[in-house]
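> What would the 3D arrangement of this be:
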Amino acid sequence: MYNLKIFEEAQSLGYKIFMNEPMSKHTTFKIGGNADVFLVARNRKELEGILHICKVNNIVPFVLGKGSNLLVSDKGIRGVVIKLEGDFYSLSLIENNKIICGAGVSLSKLCSFAYNNSLSGLEFAWGIPGTAGGAAFMNAGAYSGEMKNILDSCTHVTPEGKFETLSSKALCLSYRHSFYCDNNNVITSITVKLKPDDKEKIKIKMDGYMNQRKLKQPLEYPSAGSVFKRPEGYFAGTLIEQCGLKGRRVGDAMVSNKHAGFIVNTGNATCNDVLTLISIIKNEVKKQTGVNMECEVKLVGEI
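A predicted model of the protein is given here:
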């Protein structure tokens with residue numbers, strides 16, 4: 001009943017809102033049941049209003065980026081999902097080689113903007129299918145680079161509607177973790193500090209990383225990227241391959257034959273298929289190597 005109440009209130013305020021929205025449309029895995037309420041925030045005022053509605057209804061909303069590191073339950077998400085659009089797609093260059101970027105901007109667009117302004121430091125992120133906000137949230141990284149190295153600050157809004165800015169030192173950035181993993185603040189923009197460089201040199205780096213992705217990663221199938229965090233002293237994909245799990249399937253979920261660190265959706269895989277396959281991988285790797293595998297992919301929704 002409260003979901004209908006939220007819908008009616010948000011609709012009366014002119015917000016962009018959907019009921020029973022299929023989350024499979026919003027994740028790179030192409031998996032997930034329906035979200036009860038799916039709200040789009042196009043500016044700060046709308047985001048404040050949505051957060052107020054959630055607060056008075058005792059709901060902790062889920063903020064969605066590109067859905068690139070998510071596994072959504074087959075039963076879907078109870079409550080509210082928020083998608084940032086409009087003003088949260090803004091990009092601007094400021095002094096001292098800094099870029100202010102809305103949380104909803106794709107990493108590919110941010111990388112292109114940096115390249116067009118002859119700024120280096122983001123090349124590692126070229127091809128990561130996420131948003132700037134999501135990348136800051138999980139301190140995304142690849143090819144020995146990570147957001148920690150370039151983040152200057154983040155601006156967020158608290159559940160009470162207060163906007164705050166934190167410097168990089170206050171973000172508690174570590175391997176696939178940030179300050180935001182431990183609270184319900186919503187990142188609204190990030191500022192990155194880069195270094196001037198020759199455009200051709202930047203392009204060579206970007207092309208090199210993209211070619212490696214195409215060569216080594218199963219980009220031809222829906223997936224959520226690397227399923228497991230890198231165990232200390234090991235590579236997750238190498239461990240899984242050594243345990244003979246490449247090509248292992250549960251339903252339409254399969255350990256990629258191209259890169260064992262990826263589980264791919266070969267057709268109509270369900271969340272349950274993926275979770276069962278994850279369990280098999282964890283158990284087999286632990287049995288054969290003694291190494292505990294920890295998921296990097298975030299499970300969201302009603303189990």
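
> drop to CA atoms for contacts and neighbour counts, all remaining ones
Will do.

> distance between the ends of stretch 15-28?
Taking C-alpha to C-alpha, to the nearest Å, stretch 15-28 runs 25 Å from one end to the other.

> outside of it, which residues touch it?
Stretch 15-28 has contacts (C-alpha atoms under 8 Å, 6 or more residues apart in numbering) with 7, 10-11, 30-41, 46, 66-72, 76, 222-224.

> Repeat that for stretch 31-51.
So stretch 31-51 is in contact with 3, 7, 10, 15-25, 61, 71-88, 157, 159-161, 269-271, going by C-alpha under 8 Å, 6+ apart.

> where along the stretch 1-150 of the chain do the helices fall?
Using DSSP state H, counting those that start in this stretch, the helices of the stretch 1-150 of the chain run over 2-12, 44-56, 107-116, 132-137.

> and among the ones you listed, the most buried is which?
helix 132-137 (a mean of 27; mean count of other C-alpha atoms under 10 Å).

> Packing partners of the helix or strand bottoming out on mean pLDDT in the chain?
Here the helix or strand of the chain ranked lowest by mean pLDDT, DSSP states H and E is helix 2-12, holding a mean of 81. When contacts are defined as 3 or more C-alpha pairs under 8 Å, 6 or more residues apart in numbering; DSSP states H and E, helix 2-12 packs onto strand 16-22, strand 34-41, helix 44-56.

> Next, count neighbours for Glu85.
Glu85 is flanked by 17 other residues according to other C-alpha atoms under 10 Å.

> State the distance from it to Asn116.
Glu85 sits 23 Å away from Asn116, going by C-alpha to C-alpha.

> Kindly report the same for Glu232.
37 Å.

> what's in contact with stretch 245-261?
Here stretch 245-261 has contacts from 216-218, 226-228, 236-238, 240-241, 262-270, 273-274, 276-277, 281, using C-alpha under 8 Å, 6+ apart.

> ok, which stretches of the stretch 151-300 of the chain are strands?
151-157, 163-167, 186-193, 195-196, 223-226, 249-250, 253-255, 262-265, 298-300 (DSSP state E, counting those that start in this stretch).

> who does the first one pair up with?
Paired strands of strand 151-157, with direction, are strand 163-167 (antiparallel), strand 186-193 (antiparallel) (DSSP bridges).

> Could you pull out the buried residues of that strand?
Using 16 or more other C-alpha atoms under 10 Å as the test for burial, strand 151-157 gives Leu151, Asp152, Ser153, Cys154, Thr155, His156, Val157.

> Output the residues you listed as JSON lines; include the columns distance to Cys172.
Shown next, in JSON lines, are the buried residues of strand 151-157 (distance: C-alpha to C-alpha, whole Å):
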{"residue": "Leu151", "distance to Cys172": "12"}
{"residue": "Asp152", "distance to Cys172": "13"}
{"residue": "Ser153", "distance to Cys172": "12"}
{"residue": "Cys154", "distance to Cys172": "12"}
{"residue": "Thr155", "distance to Cys172": "14"}
{"residue": "His156", "distance to Cys172": "15"}
{"residue": "Val157", "distance to Cys172": "17"}
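
> ok, those residues vs Gln212, which is closest?
Nearest to Gln212 out of the buried residues of strand 151-157 is Leu151 (C-alpha to C-alpha; 24.5 Å).

> Is the closest one bridged to anything, and to what?
Val192.

> Need the per-residue pLDDT for it.
Turning to Leu151, the model gives it a pLDDT of 97.

> ok, now how distant is it from Lys205?
According to C-alpha to C-alpha, Leu151 and Lys205 sit 20 Å apart.

> Equivalent analysis for Lys16, please.
39 Å.

> in the stretch 201-303 of the chain, which ranges drop under the pLDDT threshold?
Of all residues in the stretch 201-303 of the chain, none has pLDDT under 70.

> What are the boundaries of the helices in it?
Along the stretch 201-303 of the chain, counting by DSSP H, counting those that start in this stretch, helices occupy 236-242, 271-289.

> Now render the ones you listed as JSON lines, adding mean neighbour count and distance to Gly127.
As requested, those are exported to JSON lines (neighbours: other C-alpha atoms under 10 Å; distance: least, C-alpha to C-alpha, whole Å):
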{"stretch": "helix 236-242", "mean neighbour count": "19", "distance to Gly127": "19"}
{"stretch": "helix 271-289", "mean neighbour count": "17", "distance to Gly127": "24"}
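
> Would you format those as CSV with distance to Tyr209 included?
Compiled in CSV, those are given as follows (distance: least, C-alpha to C-alpha, whole Å):
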stretch, distance to Tyr209
helix 236-242, 18
helix 271-289, 27
